[in-house]
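Colleague: no FASTA, just this:
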């Protein structure tokens with residue numbers, strides 16, 4: 001069972017639309033939030049036609065429950081994360097206070113951002129979405145193209161997450177596709193990380209990096225970001241943007257920042273910006289070189305993000321980072337001489353013929 005829509009929300013989802021693996025759609029009305037199995041909903045199967053009549057205020061809620069299209073009633077229990085316990089009941093077991101009042105009409109406002117927040121609340125995980133828009137605002141998209149975009153988006157999110165939290169946390173960035181909508185063409189995702197006490201999660205920082213990368217507007221900013229990010233970010237960004245540019249797509253990236261404050265972030269990138277970004281990305285080349293060792297004393301080290309600075313005997317400071325932040329735990333600043341063994345990345349600006357070397361620490365001697 002999967003929540004597809006929340007029609008009414010007051011502190012908790014009150015009226016919900018869900019769909020099972022067989023494609024049957026259900027309308028769910030909150031009955032209790034105090035059961036051991038979680039939230040209890042009185043549910044009936046409902047067609048799109050009947051649901052749209054309710055959304056359009058042509059019929060009230062009672063008419064759906066009093067005369068369901070399929071004479072079946074269920075109590076559905078959920079604790080979030082789209083996990084349900086379902087119990088079939090007879091109409092005779094339904095008390096009057098369980099049914100909605102006559103004359104209750106839907107106050108439905110189709111706000112995609114609000115719906116994204118509601119889905120995060122009920123699932124206990126951050127939701128994000130990509131809206132892919134062509135010049136004709138088409139409601140369909142080529143199968144291979146959308147598959148490539150989804151895979152490249154996941155790749156970009158993972159490499160951005162690694163830049164922040166290291167390779168050992170890469171699986172935290174795994175996303176699940178939870179819905180698609182023909183409104184332009186929208187794809188909704190759900191993070192694998194549960195919400196923290198503040199209604200947020202580590203993936204929010206990652207989505208912020210993705211937005212910053214997609215919003216790059218000049219070459220200097222691009223080079224700065226490429227140097228600061230994990231080495232796979234440039235390739236992931238190029239792949240993701242290339243498909244958008246090739247098809248002249250605009251993009252809207254939305255994600256939930258806090259379920260408690262009901263805040264979502266939405267960034268839009270038009271097709272001109274996407275094409276210009278891709279042209280800038282084509283001017284940057286990245287290669288790997290032979291490993292190198294540096295000897296000296298540490299002048300800076302951050303065990304949180306893996307960044308470090310080493311003062312060599314020649315008085316020059318070499319700076320780099322480590323994917324394994326544990327390497328920097330317990331090391332001494334300015335008192336002990338170390339040998340840092342590093343992988344080398346070479347970033348080239350093909351237009352200005354400028355070369356930058358990035359050092360990734362993998363062993364300390």
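Modeller: That came through fine. Quick caveat, the model's predicted, so the values are computed rather than measured.
Colleague: show me what counts as buried in the longest strand seen in the chain.
Modeller: Counting by DSSP state E, the longest strand found in the chain is strand 284-301. By neighbour count on 16 or more other C-beta atoms under 10 Å, the buried set for strand 284-301 is 284, 286, 294, 296, 298, 301. Bear in mind the C-beta positions are built from the backbone N, C-alpha and C, glycine included.
Colleague: got a list of what the closest residue to the fifth one other than its chain neighbours touches?
Modeller: In space, and not counting its chain neighbours, residue 298 is closest to residue 333: 5.1 Å by C-beta to C-beta, 6 or more residues apart in numbering. For residue 333, the contact set (C-beta atoms under 8 Å, 6 or more residues apart in numbering) comprises 297-301.
Colleague: buried ones in stretch 180-192?
Modeller: 184-191.
Colleague: what is the mean pLDDT for it?
Modeller: Averaging pLDDT along stretch 180-192 yields 86.
Colleague: so what's the gap between that stretch and the chain middle?
Modeller: 10 Å (C-alpha atoms, centre = their mean, to the nearest Å).
Colleague: next one: stretch 291-311
Modeller: The answer for stretch 291-311 is 32 Å, by C-alpha atoms, centre = their mean.
Colleague: now do it: distance from first to last residue.
Modeller: With C-alpha to C-alpha, to the nearest Å as the measure, stretch 291-311 spans 19 Å from end to end.
Colleague: what's the answer for stretch 71-87, then?
Modeller: One end of stretch 71-87 sits 15 Å from the other (C-alpha to C-alpha).
Colleague: ok, and what's touching that stretch?
Modeller: The set of residues external to stretch 71-87 that reach it, using C-beta under 8 Å, 6+ apart, is 1-3, 18, 26, 28, 31, 35, 37-45, 88-91, 93-94, 122-125, 178.
Colleague: switch the cut-off to 6 Å
Modeller: 1-2, 28, 37-41, 43-44, 88-89, 91, 122-124 (C-beta atoms under 6 Å, 6 or more residues apart in numbering).
Colleague: of those, buried ones?
Modeller: Of the contacts of stretch 71-87, these count as buried by 16+ other C-beta under 10 Å: 1, 28, 38-41, 43-44, 122-124.
Colleague: farthest-separated two in those?
Modeller: Greatest spatial distance in the buried ones among the contacts of stretch 71-87: 44 and 124, 25.6 Å, computed using C-beta to C-beta.
Colleague: need the longest helix for the protein.
Modeller: helix 143-165 (DSSP state H).
Colleague: now that one: how far from the chain's centre is it?
Modeller: Worked out by C-alpha atoms, centre = their mean, helix 143-165 lies 10 Å from the chain centre.
Colleague: can you map out the helices along the stretch 51-200 of the chain?
Modeller: Using DSSP state H, counting those that start in this stretch, the helices of the stretch 51-200 of the chain run over 61-66, 112-123, 143-165.
Colleague: residues in contact with the residue nearest the centre of the chain?
Modeller: Central residue of the chain (C-alpha atoms, centre = their mean): residue 128, 4.2 Å from the mean position. Under the criterion of C-beta under 6 Å, 6+ apart, the neighbours of residue 128 are 189, 255.
Colleague: pLDDT wise, what is it at?
Modeller: 96.
Colleague: residue 159 versus that one, what's the distance?
Modeller: 16 Å (C-beta to C-beta, to the nearest Å).
Colleague: what do you get for residue 243?
Modeller: 16 Å.
Colleague: show me which of the two is the more surrounded one.
Modeller: residue 159 (25 against 20; other C-beta atoms under 10 Å).
Colleague: surely the more buried one meets residue 235?
Modeller: No: contact between residue 159 and residue 235 fails when scored by C-beta atoms under 6 Å: they sit 7.8 Å apart.
Colleague: shared neighbours, these two?
Modeller: By C-beta under 6 Å, 6+ apart, no residue touches both residue 159 and residue 235.
Colleague: count of residues packed around residue 47?
Modeller: Residues lying near residue 47 (other C-beta under 10 Å) number 12.
Colleague: contact partners for it?
Modeller: Neighbouring residues of residue 47 by C-beta under 6 Å, 6+ apart: residue 69.
Colleague: local confidence estimate at it?
Modeller: For residue 47, pLDDT reads 94.
Colleague: sketch out the low-pLDDT regions of the stretch 151-300 of the chain for me.
Modeller: 183, 230-231 (pLDDT under 70).
Colleague: against residue 114, how distant is residue 269?
Modeller: Distance, residue 269 to residue 114, by C-beta to C-beta: 22 Å.
Colleague: more neighbours: which of those two?
Modeller: residue 269 (18 against 14).
Colleague: residue contacts, that one?
Modeller: Applying C-beta under 6 Å, 6+ apart, the residues near residue 269 are 214, 251.
Colleague: check the burial of residue 23 by counting its neighbours.
Modeller: 6.
Colleague: please report phi then psi for it.
Modeller: phi 90, psi 0 (degrees, to the nearest 10).
Colleague: please report how far it lies from residue 342.
Modeller: 54 Å.
Colleague: same deal with residue 13?
Modeller: Using C-beta to C-beta, residue 13 is found at 51 Å from residue 342.
Colleague: go on, residue 56?
Modeller: From residue 56 to residue 342 the distance is 63 Å (C-beta to C-beta).
Colleague: these two - which one has more neighbours?
Modeller: residue 342 (21 against 11).
Colleague: remind me which helix or strand the nearest residue to the more buried one once chain neighbours are set aside belongs to.
Modeller: Setting aside the residues directly before and after it, residue 342 is nearest to residue 359 in space (C-beta to C-beta, 6+ apart), at 4.1 Å. According to DSSP states H and E, residue 359 maps onto strand 354-364.
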